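>>> just to be clear, the model below is a prediction. Sequence and coordinates:
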Amino acid sequence: MKVMYEKAVEDAEKEVGLMKKALHTVYQIRSIRHDLRIQAKNSGNKETIRRGALMKMLLNCAQTLPLWIGNSMEKPPPLCGAIPPEQNYVAKVNDMVACLVRGSEGEDNWILAEVVSYNTSTNKYEVDDIDEEQKERHTLSRRRVYPLPLMRANPEVNPEALYPKGSIVMALYPQTTCFYKAVINRLPTLATEEYEVLFEDPTYADGYSPPLMVAQRYVIQIKEVSKKK
């Protein structure tokens, strides 16, 4: 019996190892595609990405986000699913982040942006609005920038790395590049599934939109920020 158990554990560890290698290859391909896009952007290619192509790119980024796979003794790391970042975490250049920016009329909005640089002496980021039609660059303090998950959590193995039903979150509204307050209505049950969320919307009688699907990549914790920029 002991021999059979040890053999089963050994086989499981081998399978995990093979899956990690396969996912690492996927991640490398994803990284190369991302680098090519950044190189084209930095080389003077000023052609604006069409809206449809941008939405497709964001969907692809969510679907190809690496899946966390660990052994039975490992806990999901920071920025896996709902696991928050470490306290002093600084997003890397070209990473996608959620940013709180001030609009022309003084209103604050959470937008999807890309990190251009981080100044360690001022603790401020420079970020570009991911929506190239806006063509805006913002200089923001760390408290106005929140990193997106770097890995997906597997609901079947690590349900603790998902937001519980009823959680208040910020989620990327489908077909837009803005984050809005929402409630988790249903959790994904498979690694390929998305959250079902209800966005706050005063135009509906109950104050919430109909259920909408949002990928783990674009669901983050509510972050309270003071008015000071």
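Sure thing, it's come through. Numbering: from 1, shown residues only.
>>> longest strand of this structure?
Taking DSSP state E as the criterion, the chain has its longest strand at strand 108-119.
>>> pull out the buried residues from that one.
Neighbour-count burial for strand 108-119 flags 110-115, 118 (criterion: 16 or more other C-beta atoms under 10 Å). For every residue, glycine as well, the C-beta is placed using N, CA and C.
>>> just stretch 55-68 next, same as before
For stretch 55-68, burial by neighbour count (16+ other C-beta under 10 Å) applies to 58, 61-62, 64-68.
>>> in JSON lines: the residues you listed, plus secondary structure.
Formatted as JSON lines, the buried residues of stretch 55-68 follow (DSSP: H, G, I helix; E, B strand; the rest coil):
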{"residue": "L58", "secondary structure": "helix"}
{"residue": "C61", "secondary structure": "helix"}
{"residue": "A62", "secondary structure": "helix"}
{"residue": "T64", "secondary structure": "coil"}
{"residue": "L65", "secondary structure": "coil"}
{"residue": "P66", "secondary structure": "coil"}
{"residue": "L67", "secondary structure": "strand"}
{"residue": "W68", "secondary structure": "coil"}
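>>> which of those residues sits closest to M213?
Taking C-beta to C-beta as the measure, A62 is the one of these closest to M213, at 10.6 Å.
>>> just checking, the closest one touches Y218?
Yes - taking contacts as C-beta atoms under 8 Å, A62 lies within contact range of Y218: 6.4 Å.
>>> domain assignment for the chain?
What the record gives for the chain is the domain set 2-47, 96-147, 164-221, from automatic domain parsing.
>>> check those domains for me: which has the lowest mean pLDDT.
Across the domains of the chain, domain 2-47 has the smallest mean pLDDT, namely a mean of 52.
>>> now the phi/psi pair for R152, please.
Backbone torsions for R152, taken as degrees, to the nearest 10, come to phi -90, psi 150.
>>> what bridges to it?
Per DSSP bridges, the residues bridged to R152 are L67.
>>> burial count for it?
When counting by other C-beta atoms under 10 Å, one arrives at 25 neighbours for R152.
>>> distance of the residue nearest to P188 when sequence neighbours are not counted from L59?
Distances taken as C-beta to C-beta, 6 or more residues apart in numbering place P155 nearest to P188, at 5.1 Å, with adjacent residues excluded. P155 is 20 Å from L59, where distance means C-beta to C-beta, to the nearest Å.
>>> returning to that earlier point: packing partners of the longest strand of the chain?
On a contact count with 3 or more C-beta pairs under 8 Å, 6 or more residues apart in numbering; DSSP states H and E, strand 108-119 meets strand 96-102, strand 124-129, strand 178-186.
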